[in-house]
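*Asks:* got a sequence here, can you model it:
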Amino acid sequence: MRKVFVGYTSYQDVVYQVAKHSIERQSKDVVCYPIIQQSLRDLGVYTRAADKMGATEFSITRFLTPYLAGYRGWVLFCDNDVLALTDVNELFDLADDKYAVMCVKHNHVPTDKYKLDGQIQTIYPRKNWSSVVLWNCNHPKNKLITPELVNEVSPRFLHRFMWLEDSEIGEIPLSWNWLVDWYKEPQDGKPKFLHFTDGGPYFRNYQEVDYHELWRNEYAHYAGRDFTLDDIIDNVVFDKKSINAD
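*Replies:* Purely as a prediction, here's the structure:
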């Protein structure tokens, strides 16, 4: 059974549920697990202070993926705002044991100040590299990524994979982390894994993003009924006071 760890933000449960549904619906012998910050805090695994610059509850907890996988095998991490368009076993089949991690090496420099219906857009080198990552949990360098380290080091150290040499970071095709409204068909290829990095159709201000109809269709399949904006808004709680994370 192949494992996919998905970032989870408590006020966006429906976004996670649709991502999980899309992955498991199309992929045999693949199971998704949410990375829930509060659960990790309750267990004493995650103890660092809230990151005021973070837009989600998993911007740091994502790096606990090797620990959560028991430092065994290849596993996938992805943000919650993804949509699988094909079998993710095809992505697992690209795993190469000479690498510690594999990701799309975007050159992504956003121009907007905000994303996700009001969150500040941060710009840093290797942005979005850590949003879809194949982790080689057997790699000795990844044994360094303990809860103690994740709780202490800077976000920059983690998001830039600074515990690794560049030669230990493998590359996967951008189709597996297709930044919606940034990459375009056909010049950039064809997507297999959509990433609504700036905001998806579950936000009022992002109703007409590229591929919005695919997310709507997946929601309808998940919920057993047609998509309505008000229905989604009722399930995505925009209480900015609850954003204590990262």
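
*Asks:* do I have it right that residue 12 meets residue 80?
*Replies:* Yes. Between residue 12 and residue 80 a contact is recorded at 6.4 Å, counting by CB atoms under 8 Å. Glycine gets a C-beta too; all of them are placed from N, C-alpha and C.

*Asks:* comparing the two, which shows the higher neighbour count?
*Replies:* The neighbour count for residue 12 versus residue 80, taken as other CB atoms under 10 Å, is higher for residue 80 (25 against 22).

*Asks:* need the contact list for that one.
*Replies:* Listed by CB atoms under 8 Å, 6 or more residues apart in numbering, the contact set of residue 80 reads 6, 7, 8, 9, 12, 15, 16, 19, 56, 58.

*Asks:* look up how far residue 200 lies from it.
*Replies:* For residue 80, the distance to residue 200 equals 10 Å [CB to CB, to the nearest Å].

*Asks:* give me the common contacts of these two.
*Replies:* By CB under 8 Å, 6+ apart, residue 80 and residue 200 have these common neighbours: residue 15.

*Asks:* returning to that earlier point: between the contacts of residue 80, which is closest to residue 87?
*Replies:* For the contacts of residue 80, the minimum distance to residue 87 (CB to CB) is 15.1 Å, reached by residue 19.

*Asks:* touching the longest helix along the chain from outside, list them.
*Replies:* Longest helix in the chain by number of residues (criterion: DSSP state H): helix 13-26. The contact list for helix 13-26 (CB under 8 Å, 6+ apart) reads 4, 6-9, 30-32, 34, 78, 80-88, 200, 202, 215, 218-219, 221-222, 232, 235-236.
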